[in-house]
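**Student:** Here you go, sequence then predicted model.
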Amino acid sequence: MLTQKEIKVKYKNNIFGYLWALANPLFFTCIYYFAFKVFMKVQIPNYPFFLVCGLFPWQWISNSINNGAWCFLGNAQIIKKTTFPKFILILSNVFMEGFHFLMALPIIIAFMIYTGIDFNYKSLLCIPLLIILQTIFTFGFSLVFSTLCVFFRDIERFLTLGMTAIFYATPIFYSPNMIPAEYKWIVDINPFAQIIISWRDVFMNGYLEMNTIITLLWWSLFFVALGLVVYNKFKFKFAEVM
């Protein structure tokens with residue numbers, strides 16, 4: 001119900017509705033295509049689709065985390081007046097952005113058809129699995145910083161800067177093969193990079209490696225556990241500091 005409410009509020013009185021959710025990644029796809037493919041001549045085959053496969057999942061992650069940082073504070077009146085599991089506010093925010101991603105899947109498939117990539121039906125089995133893993137990971141990550149942001153408001157600023165840094169440290173508009181060998185470890189320890197690479201493997205190659213699934217599962221469980229520890233430690237003080 002919270003997710004449904006957020007979606008209705010977000011698109012109330014918007015003529016183009018959820019199309020605005022598609023506009024941002026498509027706009028940046030065009031920018032990066034001309035900047036890197038046309039001007040800098042980056043040698044990545046099927047570069048527009050390469051960008052789309054990275055930008056749409058990234059939008060889900062980035063919007064969920066950046067908007068989630070203010071989630072508890074933005075719902076202070078509800079938290080003060082009502083007793084309920086407050087972490088549901090974070091989960092509903094992740095679900096709302098996940099809904100946008102689901103609505104973008106036809107666009108991704110249309111790019112596949114347009115660029116001549118054969119759709120591998122085995123990837124249909126991988127998509128729900130990746131959606132579940134990304135939901136768990138994003139929820140856990142958001143819960144940590146949303147909780148801390150209630151007590152330390154500056155965290156929202158640092159988080160915005162941090163997500164910008166992570167964006168450039170994640171192979172979204174460049175290939176992992178382009179990274180110098182001495183910096184490969186940055187991608188290896190970056191769970192955001194593992195998520196984007198996984199989506200790209202599913203859409204462009206039609207497979208998902210078991211090692212990647214296990215790695216993403218560990219990262220997801222780690223952040224959920226950390227988020228719940230932080231949340232349970234501070235949730236009783238929310239009403240006092242809001």
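**Tutor:** Noted; the coordinates are in hand.
**Student:** do you know how far the residue nearest the centre of the chain is from residue 45?
**Tutor:** By Cα atoms, centre = their mean, the chain has its centre lying nearest to residue 61, at 1.3 Å. When distance is defined by Cβ to Cβ, to the nearest Å, residue 61 is 25 Å away from residue 45. Any C-beta I mention is one placed from the backbone N, CA and C, and that applies to glycine too.
**Student:** Now do the helices in this structure.
**Tutor:** Under the criterion DSSP state H, the chain carries helices at the ranges 2-10, 19-32, 47-68, 71-74, 76-81, 87-115, 123-151, 155-169, 184-188, 191-200, 210-234, 238-241.
**Student:** list the helices and strands the fifth one packs on?
**Tutor:** Helix 76-81 makes packing contacts with helix 238-241 when contacts are defined by 3 or more Cβ pairs under 8 Å, 6 or more residues apart in numbering; DSSP states H and E.
**Student:** in the helix it packs on, what counts as buried?
**Tutor:** residue 238 (16 or more other Cβ atoms under 10 Å).
**Student:** And stretch 142-154, by the same measure?
**Tutor:** By 16+ other Cβ under 10 Å, the buried positions in stretch 142-154 come out as 142, 143, 144, 145, 146, 147, 148, 149, 150.
**Student:** what does stretch 113-129 give?
**Tutor:** 117, 123, 126, 127.
**Student:** residue contacts, residue 196?
**Tutor:** Counting by Cβ atoms under 8 Å, 6 or more residues apart in numbering, residue 196 touches 53, 54, 57, 58, 170, 171, 172.
**Student:** thinking the fourth one is in contact with residue 167, fair?
**Tutor:** To tie it back to what came earlier, the one meant is residue 58. Yes - between residue 58 and residue 167 there is a contact under Cβ atoms under 8 Å: 6.9 Å.
**Student:** higher neighbour count, the two?
**Tutor:** Taking other Cβ atoms under 10 Å, residue 58 and residue 167 do not tie; residue 58 has more neighbours (22 against 16).
**Student:** and that one, what does it touch?
**Tutor:** Residue 58 neighbours (Cβ under 8 Å, 6+ apart): 25, 167, 170, 172, 192, 196.
**Student:** and residue 46, what are its phi and psi?
**Tutor:** Per-residue torsions, residue 46: phi 50, psi 50 (degrees, to the nearest 10).
**Student:** Return the distance of the nearest residue to it once chain neighbours are set aside relative to residue 141.
**Tutor:** Ranked by Cβ to Cβ, 6 or more residues apart in numbering and with sequence neighbours excluded, the top spatial neighbour of residue 46 is residue 115, at 5.2 Å. According to Cβ to Cβ, residue 115 and residue 141 sit 32 Å apart.
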